[in-house]
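[1] build me a model from this:
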Amino acid sequence: MRKRSKYADWSKEDLIKRVQALEKRKKYGLVWDEERTKEKFEADTEGKLPVLKEVKSKEIKTDPDKPTHILVEGDNYHALSVLNYTHEKAVDVIYIDPPYNTGARDWKYNNDYVDINDAYRHSKWLSMMSNRLMVAKKLLKNDGVLICAIDENERDRLGLLLEDLFGDHEMHCITIVHNPRGVQGKNFSYTQEYAYFVFRQNLKVIGHRRIREEDIDWRNLRDNGGESLRTDAKNCFYPIIIENEKIVGFGDVVEQDIHPEKQTEKKENQYCVYPIDKNGVERKWRYARQSVEEIKDLLRAKKTRSGYEIELGKDFGTVRTVWQDSRYDANEYGTKLLHNLVPNAHFDFPKSVFNTYDCIGPILSERKNAIVLDYFAGSGTTGHAVMILNKEDGGKRRIILCTNNENDICTDVCYPRIKKVIEGHENYPDITNISSNLKYYRTAFVPSEPTDKNKDLLTKQSVEMLCLRENTFDFVLESV
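    So this is what the prediction gives:
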């Protein structure tokens, strides 16, 4: 039996009072005017299906054994709609650097620039972000990670939006000092921006951060202080063997009744170094003989007047929540780098490639066949960062970049940058000349009305999307 509503016997006046009370009640979470900020893409796609159409003239082929990256020119909502067919639950990392909504007329909504005087400026931005995040969420693997860069203009609203859309996920906001000179506000000079990391709860997805060799904190492998004597751990007194200034091996644990004459003893072309301090006190190494070989790559031999010292330095560390590094400078490694790679590029405020690299690196270090998506690709920084990582460790990670062609961003900035990274640049030999392949697509539409002509058209367009889905692009047999 159907339960009678408790409002069934209410008068019109009582119902109006109830509605007014509900409207006045405070709401928890993020609320914005969605009805007045509907996007034009809904009308654009009425009676149509979005597809991808390859631009063969922009294809780049170098080595079939290298990864094939994807660049999509067009509205990113339409591109994401197609990717929901080709890459559902297939993406390891989504990294996006959306418009920051500063009020400086730096992005369009329904073909109109949004400026600081727009009463619905924040609602429009939230609608734009929400529509795309809801579609993009379906692309992430179960252990996938979403990274979203942002500054102070929309940081708090973005955080609430992400909480709403990813309620069952962990969320961490990282502070990154990207402009040490600062941007002057009314009261403060802003030097930092932010990056939200979002992933499912109870997962270990953030690995170690890499530490550059010049920043490694080296310390002596010989123990000191309390319980550092040879007698405190018999398995920690053994020789470390050096040849040609390099550590080449480890000797056996020395018997308790045998005492080396010197801290460094020469034996033919090799040197044996013992954990004996400058006062001749026999101490111990920080690692036992049975475990020291596991950290061999973290050790170095340092020559002294009397022989050698053995030093330990970790080239990795825990990812912290505040990042400071000269390589994050958006002017030096963003604007200047882009203008060197693409001299005529017109693109405001490209991010430092090392900023993006350090965001994705700890996640992708153990995922050498990962797929990375950036649907606000802009100047192509994310693609460049992934390619650097591939060059360093021989990975075959693939990139999907999506961007519109507003002010020729895709054709005149993003595409030539990726092409130059593949071909190489004499001023940046370490971070270019990265052999890769590229397929270039544009978003397009086919009519959705189920006529024979439309079905045939959709079938032809679907072939390219099937190739994209299966990551196979070369004909095996063209005719029989």
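[2] please make it C-alpha for all contacts and neighbour counts, starting now.
    OK.
[3] need the contact list for Leu312.
    Residues in contact with Leu312, defined by C-alpha atoms under 8 Å, 6 or more residues apart in numbering, are 218-221, 298-300.
[4] I should have written Thr403 there, sorry.
    With the criterion set at C-alpha under 8 Å, 6+ apart, Thr403 makes contact with 72-76, 375-378, 409-410.
[5] ok, 7 Å please
    Contacts for Thr403 (C-alpha atoms under 7 Å, 6 or more residues apart in numbering) come out as 72-76, 375-378, 410.
[6] in JSON lines: the residues you listed, plus pLDDT and distance to Phe199.
    Converted to JSON lines, the contacts of Thr403 look like this (pLDDT from 0 to 100; distance: C-alpha to C-alpha, whole Å):
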{"residue": "Val72", "pLDDT": "97", "distance to Phe199": "25"}
{"residue": "Glu73", "pLDDT": "97", "distance to Phe199": "28"}
{"residue": "Gly74", "pLDDT": "94", "distance to Phe199": "28"}
{"residue": "Asp75", "pLDDT": "92", "distance to Phe199": "26"}
{"residue": "Asn76", "pLDDT": "94", "distance to Phe199": "22"}
{"residue": "Tyr375", "pLDDT": "98", "distance to Phe199": "18"}
{"residue": "Phe376", "pLDDT": "97", "distance to Phe199": "20"}
{"residue": "Ala377", "pLDDT": "97", "distance to Phe199": "21"}
{"residue": "Gly378", "pLDDT": "95", "distance to Phe199": "24"}
{"residue": "Cys410", "pLDDT": "97", "distance to Phe199": "29"}
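[7] sort out for me which of those residues are in helices.
    For these, the ones inside helices are Asn76, with DSSP state H as the criterion.
[8] tell me where the model's unsure across the stretch 1-150 of the chain.
    In the predicted model of the stretch 1-150 of the chain, residues 1-6, 22, 24-28, 34-38, 41-45 satisfy pLDDT under 70.
[9] can you give me the strands for it?
    For the stretch 1-150 of the chain, the strands defined by DSSP state E, counting those that start in this stretch cover 48-54, 68-73, 91-96, 104-109, 112-115, 140-150.
[10] could I get the ones you listed as JSON lines with distance to Arg398?
    Output for these, formatted as JSON lines (distance: least, C-alpha to C-alpha, whole Å):
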{"stretch": "strand 48-54", "distance to Arg398": "18"}
{"stretch": "strand 68-73", "distance to Arg398": "5"}
{"stretch": "strand 91-96", "distance to Arg398": "10"}
{"stretch": "strand 104-109", "distance to Arg398": "28"}
{"stretch": "strand 112-115", "distance to Arg398": "33"}
{"stretch": "strand 140-150", "distance to Arg398": "14"}
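[11] need those in TSV (columns: mean neighbour count).
    Shown next, in TSV, are these (neighbours: other C-alpha atoms under 10 Å):
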stretch	mean neighbour count
strand 48-54	19
strand 68-73	24
strand 91-96	24
strand 104-109	14
strand 112-115	16
strand 140-150	21
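[12] outline the domain layout of this structure.
    For the chain, the structural domains run 44-212+319-470, 218-313, going by automatic domain parsing.
[13] centre of the chain to the longest one, how far?
    For domain 44-212+319-470, the gap between its own C-alpha mean and the chain's C-alpha mean amounts to 9 Å (C-alpha atoms, centre = their mean, to the nearest Å).
[14] can you check the last one too?
    Between the mean C-alpha location of domain 218-313 and the chain-wide mean there is a distance of 40 Å, by C-alpha atoms, centre = their mean.
[15] and for Arg327, nearest residue in space, chain neighbours not counted?
    Nearest in space to Arg327, with sequence neighbours left out and distances taken as C-alpha to C-alpha, 6 or more residues apart in numbering, is Phe354 at 6.0 Å.
[16] what number of residues lie near that neighbour?
    A total of 23 residues lie near Phe354 under the criterion other C-alpha atoms under 10 Å.
[17] helices or strands up against the helix or strand containing it?
    Following DSSP states H and E, one finds Phe354 within helix 353-364. If contacts are counted by 3 or more C-alpha pairs under 7 Å, 6 or more residues apart in numbering; DSSP states H and E, helix 353-364 sits against helix 381-393.
[18] contacts for the helix it packs on next, please.
    By C-alpha under 7 Å, 6+ apart, helix 381-393 touches 351, 353, 356-357, 374, 396-397, 399, 418, 421, 431, 434.
[19] ok, now stretch 178-197?
    Stretch 178-197 is contacted by residues 145-152, 171-177, 328-330 when judged by C-alpha under 7 Å, 6+ apart.
[20] what comes up buried for that stretch?
    178-180, 190-197 (16 or more other C-alpha atoms under 10 Å).
[21] in strands, which of the residues you listed appear?
    Using DSSP state E, the members of these that fall in strands are 190, 192-197.
[22] which parts of this structure are helices?
    Using DSSP H, helices in the chain cover 12-24, 41-44, 76-86, 121-136, 155-165, 289-292, 336-341, 353-364, 381-393, 409, 415-423, 452-470.
[23] and these: which comes nearest Glu214?
    Closest approach to Glu214 among the helices of the chain is made by helix 353-364 (16.1 Å; C-alpha to C-alpha).
[24] what is the burial count for Arg367?
    If we define neighbours as other C-alpha under 10 Å, then Arg367 has 14 of them.
[25] the contacts of helix 381-393: which two are farthest apart?
    Largest separation among those by C-alpha to C-alpha: Lys351 and Lys396, giving 23.6 Å.
[26] the more surrounded of those two?
    Lys351 (26 against 21).
[27] now do the same contact list for that one.
    330, 334, 381.
[28] next one: the nearest residue to the second one once chain neighbours are set aside from Asp97, what distance?
    So the one you mean is Gly334. Once flanking residues are discounted, Gly334 sits nearest to Ser352: 4.1 Å by C-alpha to C-alpha, 6+ apart. To Asp97, Ser352 is 12 Å away according to C-alpha to C-alpha, to the nearest Å.
[29] neighbour-wise, which of these two wins?
    Legend: neighbour count by other C-alpha under 10 Å for Ser352 and Asp97, higher for Ser352 (24 against 21).
[30] quick one: end-to-end distance for stretch 266-282.
    18 Å.
[31] ditto for stretch 317-324
    The first and last residues of stretch 317-324 sit 14 Å apart, counting by C-alpha to C-alpha.
[32] Asp315 touches Arg210, doesn't it?
    Yes: using C-alpha atoms under 7 Å, Asp315 is in contact with Arg210, at 5.9 Å.
[33] contact partners of stretch 293-308?
    Under C-alpha under 7 Å, 6+ apart, the answer for stretch 293-308 is 245-247, 264, 273, 309-314.
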